[in-house]
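Q: show me how the following folds:
(one chain, ligands or ions: 1)
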Amino acid sequence: MTRHEALCLLAPDEPDPVLVHAPDAGSPFVITVDHAGRRIPRSLGTLGLSEAQIARHIGWDIGILAVSEAMQAEFACPLFAQIYSRLVIDCNRRPGTRTSIPEISESDVIAGNIGLSDGDRLKREATFLEPYQVAIGDCLDERARLGHNTYLLAMHSFTPHYKNEVRPMAAAVLWGPDDRLGRLVLEEMRRLCPSMEIAANQPYAVDMQNDYTVPVQAEARGLPYVEIEVRQDLISDPPGIAAWAKTLAIAIRNAVATFEEQSA
Ligand SMILES: [Zn+2]
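A: Here you go, the predicted structure:
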């Protein structure tokens with residue numbers, strides 16, 4: 001038995017945690033969707049949650065996989081998505097950080113995450129986080145070896161209401177220390193959506209200590225990237241999904257054209 005088999009929380013008939021499209025495509029874009037799904041492996045029961053709780057934004061990034069897949073089709077680029085709930089383990093957190101396997105999300109207690117042993121945590125890391133982040137890392141390393149240019153697009157969505165807070169922004173563009181592409185995408189989004197609020201690093205910001213995808217996969221490799229957040233009520237039906245995918249694709253293409261002119 002391999003280490004992975006010994007630690008795996010999934011039965012043979014349960015889907016692989018990593019959904020991959022076109023991993024070898026030569027497009028300059030690579031899309032990641034850390035919170036794409038809301039599955040819970042049978043071995044963890046329901047984590048103590050009702051179906052209504054897991055379907056809420058605390059379980060996953062509602063709508064963003066469909067937007068990302070439409071962008072993937074437009075760009076014909078690699079896409080990596082993790083389809084189990086972020087309440088099983090958050091695949092955008094370094095292992096061992098406080099919010100990696102949350103005991104509380106918004107105001108909901110996640111009973112199945114309380115009192116975990118180191119062994120329980122290791123199984124969740126080995127089953128979900130590792131294969132997902134290793135798949136992304138292997139793709140980025142192979143692209144570097146082949147001399148492909150890469151722009152990482154980290155896709156997320158956010159709830160319009162969080163606790164007592166109403167979030168007016170339609171979307172947000174996020175960046176960490178490397179703001180090169182993020183600022184250009186922000187400018188393009190504001191130009192394309194003049195009647196909407198497009199926020200910068202609000203309501204979330206890149207957390208260089210605790211986040212995984214941007215700090216480890218993009219910043220540490222020196223790859224230009226942008227993290228995008230779209231408000232969930234705007235991408236709750238097919239027309240909204242199609243419209244946002246199209247606008248984001250145009251903004252990103254324009255931003256990259258400017259980026260390449262500036263770096264030439
Ligand atoms: Zn997310």
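Q: you'd agree Val20 is up against Asp138?
A: No - at 10.8 Å, Val20 does not count as touching Asp138 under the criterion of C-beta atoms under 8 Å. Glycine gets a C-beta too; all of them are placed from N, C-alpha and C.
Q: which one's more surrounded, these two?
A: Val20 (14 against 11; other C-beta atoms under 10 Å).
Q: buried set for the longest helix belonging to the chain?
A: In the chain, with assignment by DSSP state H, the single longest helix is helix 238-263. Using 16 or more other C-beta atoms under 10 Å as the test for burial, helix 238-263 gives 240-241, 244-245, 247-249, 251-252, 254-256, 259.
Q: residues in contact with the residue in the stretch 101-250 of the chain positioned nearest to the ion?
A: When scored by C-beta to the ion, the stretch 101-250 of the chain has His156 as its residue closest to the ion, at 3.4 Å. By C-beta atoms under 8 Å, 6 or more residues apart in numbering, the contact list for His156 reads Val33, Asp34, His35, Asp61, Ile64, Tyr204, Glu227, Ile228, Glu229, Val230.
Q: 10 Å - rerun?
A: If a contact means C-beta atoms under 10 Å, 6 or more residues apart in numbering, then His156 has 32-36, 61, 64, 68, 92, 172, 174, 204, 213, 227-230 as its contacts.
Q: name the element it belongs to?
A: Using DSSP states H and E, His156 maps to strand 151-158.
Q: just the helices in the chain please.
A: Under DSSP H, the chain gives helices at 3-7, 51-55, 64-75, 118-124, 130-146, 180-192, 238-263.
Q: off-centre distance for the third one?
A: Going back to what we said before, that points to helix 64-75. Between the centre of helix 64-75 and the centre of its chain there are 13 Å (C-alpha atoms, centre = their mean, to the nearest Å).
Q: what residues does the stretch 51-200 of the chain put near the ion?
A: Contacts of the stretch 51-200 of the chain with the ion, taken as C-beta under 5 Å from the ion, map to Asp61, His156.
Q: in stretch 183-195, what counts as buried?
A: Neighbour-count burial for stretch 183-195 flags Leu184, Val185, Leu186, Glu187, Glu188, Met189, Arg190 (criterion: 16+ other C-beta under 10 Å).
Q: repeat for stretch 127-138
A: Buried residues in stretch 127-138, counted by 16+ other C-beta under 10 Å: Thr127, Phe128, Leu129, Glu130, Pro131, Tyr132, Gln133, Ala135, Ile136.
Q: tabulate these (a markdown table), appending distance to Pro12 and pLDDT.
A: Putting the buried residues of stretch 127-138 into a markdown table (distance: C-beta to C-beta, whole Å; pLDDT from 0 to 100) gives the following:
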| residue | distance to Pro12 | pLDDT |
| --- | --- | --- |
| Thr127 | 13 | 97 |
| Phe128 | 16 | 97 |
| Leu129 | 20 | 97 |
| Glu130 | 19 | 96 |
| Pro131 | 15 | 97 |
| Tyr132 | 19 | 98 |
| Gln133 | 23 | 98 |
| Ala135 | 20 | 98 |
| Ile136 | 24 | 98 |
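Q: what's across from the closest residue to Glu229 other than its chain neighbours in the sheet?
A: Of all residues not flanking Glu229 in the chain, Ala172 sits nearest, at 4.2 Å (C-beta to C-beta, 6 or more residues apart in numbering). Assessed by DSSP bridges, Ala172 has beta-bridge partners Ala199, Glu229.
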